[in-house]
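What follows is a predicted protein model with its sequence.
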Amino acid sequence: MNINLEINKKRKQNKNNYLNIITYFRGRNIEECNHYFNCIKENLNNPIINNIICLTFPEKFSGEYLHTHPNSRIIVHLLEEIDKENYYNLFNYANNYNINEFCAIIRSDIVIQENEFMSFLPAFIQDKSIYAVSSINKLNDKMWKEKDKMNNFYSLNHDIWLFKSSLNIDLENMKKYDFNLSQNEGYINKILSEKYNLINDTENIKIFSIKTDKTEQDDRLRINDNTVNNEEIYLLPETEILKKISVDQLLQHFNIDPIDIYKLKCRIFTKKI
C-alpha cells in the first residue's frame, strides 16, 4: 500500500478554529477503527478544532482504514515500523509541524467538549503553561463528600495535554514511555514540569472518554501513597475537586505545624500587600 507521509494538507488556522489535535490511531480491527473514527468525527464537529493529526503505521489495519476514509481535515502521519507508540512521537510532531500553533495531544477515545472557555482559551494559555487535564467521566464526585476520603484528589489519568508549540522539553527521555500505559502519565508530567507549569483545569476544560464498555473507574491515587509526586512521578490535583475543599480543611487534614501556618500566611500577606 503506497501512502504519502501526510495524506492531507493542513487547513489554514484562524482565531476560531485554533486547535490542532494530535493522537494515535491504532484500531486493531474494523470495530475499533469505527469507534475511534467516530471520536474523531465528534471532535471535528467542535468549531475550535482545526486539524486532527493521526499517527499510525502503514502496514497495520488502522493505516489502511484511514486511507479508505479520507477527510480534508484529517492528516495521516505514517510512522516507521520500528517506531513505538510512545510520547516522543506525539510531542515531536507538535514541535516540528505545529510551530507557534495550539496543540492538544489526546487519547484516541477522547472528545473535547465545546464551551465558552474553550473558545477563548488562547488568551489564557501562557508560554510557560500546559493544561494536563483529566476526562470528566473519570471523576467520582461521591468520595469528596466524605472528609476522611479528602486525600484522594490526585488524578492518576490525564487524557489531554494542551499547549502552544513548540515546547522546550527533553524529547529523547519520552521515547521510553509507552503512550498506552496509564502509569506513564506521571513520568511524562514530571518531564514537562521541569520547564512548565501544569494545570489540571477540570472546571473549565471538559473532555470525556467514549469507551467501548460501561465499566466504572476510580483513577485517583491517595496522597499518602509513596508514588505520588515523588522524584520520579508527578500527578495533578483537579480544580473541580479543589474548589470544594477549603484552605482550613487542608490545614487540618495535613496537620500542619502552627509555625508553618504562620509562615504561609506571612508569605501570602507580603505577596499581596
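Thanks, I have it. All figures in this text were calculated on a predicted structure; none of them were measured in a lab.

Enumerate every residue touching Tyr65.
For Tyr65, the contacting residues are 25, 27, 30, 33, 37, by C-beta atoms under 8 Å, 6 or more residues apart in numbering. Backbone N, C-alpha and C define where each C-beta goes, glycine included.

Check the spatially most central residue of the chain and give its pLDDT.
Nearest to the geometric centre of the chain sits Ile160, at 1.5 Å (C-alpha atoms, centre = their mean). What the model reports for Ile160 is a pLDDT of 93.

again, but for Ile205
The model's pLDDT for Ile205 equals 88.

how about the longest strand seen in the chain: buried residues?
If you go by DSSP state E, the chain has its longest strand at strand 49-56. Across strand 49-56, burial judged by 16 or more other C-beta atoms under 10 Å covers 49-56.

Same question for stretch 97-117.
Those would be 97-98, 101-112, for stretch 97-117 by 16+ other C-beta under 10 Å.

average pLDDT for stretch 131-138?
78.

Okay, buried residues for it please.
131-136, 138.

Quick one: the residues you listed as JSON lines, columns for distance to Glu64 and secondary structure too.
Formatted as JSON lines, those follow (distance: C-beta to C-beta, whole Å; DSSP: H, G, I helix; E, B strand; the rest coil):
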{"residue": "Tyr131", "distance to Glu64": "34", "secondary structure": "strand"}
{"residue": "Ala132", "distance to Glu64": "33", "secondary structure": "strand"}
{"residue": "Val133", "distance to Glu64": "32", "secondary structure": "strand"}
{"residue": "Ser134", "distance to Glu64": "33", "secondary structure": "coil"}
{"residue": "Ser135", "distance to Glu64": "29", "secondary structure": "coil"}
{"residue": "Ile136", "distance to Glu64": "33", "secondary structure": "helix"}
{"residue": "Lys138", "distance to Glu64": "32", "secondary structure": "helix"}
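
nearest residue to Asn17 other than its sequence neighbours?
Asn50 (4.5 Å; C-beta to C-beta, 6 or more residues apart in numbering).

do you know how far that neighbour is from Leu162?
13 Å (C-beta to C-beta, to the nearest Å).

Give me the common contacts of those two.
What both Asn50 and Leu162 touch, as defined by C-beta under 8 Å, 6+ apart, is the set Leu19.

which residues does Phe208 bridge with?
For Phe208, the beta-bridge partners are Val111 (DSSP bridges).

what about it, neighbour count?
For Phe208, the neighbour count with other C-beta atoms under 10 Å is 16.

residues in contact with it?
Phe208 makes contact with 110-111, 113, 135-137 under the criterion C-beta under 8 Å, 6+ apart.
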